[in-house]
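Chemist: Got a sequence here, can you build the structure:
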Amino acid sequence: MDWYRKGQVKAGVASMSNEELNKLIAIKKMDLEECEQELNTRYYPSIVRIAMMNYIVILQKQLEEYSNNRINF
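Modeler: Down below sits the predicted model:
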């Protein structure tokens, strides 16, 4: 399943304009920064912290994937 999603991401990114990709990356970076800050400055129950950490990892992987695809254009 993971290889399928990666293919979808690559296909989706390839069809975006450079401006759209830059906007997407900027939004994901802001979301990542906000999540990390919230996680470090507030108390959340364990299950919420785990979900937030999982989301942070997903955002980091997506940003890495977008950056790699951006270089390959």
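Chemist: pLDDT on the strand or helix carrying Ala51, on average?
Modeler: Element membership for Ala51 (DSSP states H and E) is helix 46-71. The pLDDT scores in helix 46-71 average 90.
Chemist: What residues of that helix count as buried?
Modeler: Across helix 46-71, burial judged by 16 or more other Cβ atoms under 10 Å covers Met52, Leu59, Gln62, Leu63, Tyr66, Asn69. All C-beta spots, glycine's among them, are computed from the backbone N, C-alpha and C.
Chemist: Would you mind pulling up the elements that that helix packs against?
Modeler: helix 2-14, helix 18-41 (3 or more Cβ pairs under 8 Å, 6 or more residues apart in numbering; DSSP states H and E).
Chemist: Kindly check the end-to-end length of stretch 36-49 for me.
Modeler: End-to-end distance for stretch 36-49: 10 Å, by Cα to Cα, to the nearest Å.
Chemist: Show residues contacting it.
Modeler: Contact with stretch 36-49 is made by Met52, Met53, Ile56, as judged by Cβ atoms under 8 Å, 6 or more residues apart in numbering.
Chemist: Contact partners for the residue nearest to the spatial centre of the chain?
Modeler: Centroid-nearest residue in the chain: Leu59, 2.4 Å away (criterion: Cα atoms, centre = their mean). Applying Cβ under 8 Å, 6+ apart, we find Leu59 in contact with Lys28, Asp31, Leu32, Cys35.
Chemist: In ChimeraX, select just the buried ones from these.
Modeler: The buried residues among the contacts of Leu59 can be selected in ChimeraX (16+ other Cβ under 10 Å) with this line:
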select :28,32
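Chemist: distance of Arg49 from Ala26?
Modeler: 26 Å (Cβ to Cβ, to the nearest Å).
Chemist: Between the contacts of stretch 36-49, which sits nearest Asn22?
Modeler: Asn22 lies nearest to Ile56 out of those, by Cβ to Cβ, at 21.4 Å.
Chemist: Perfect, that will be all.
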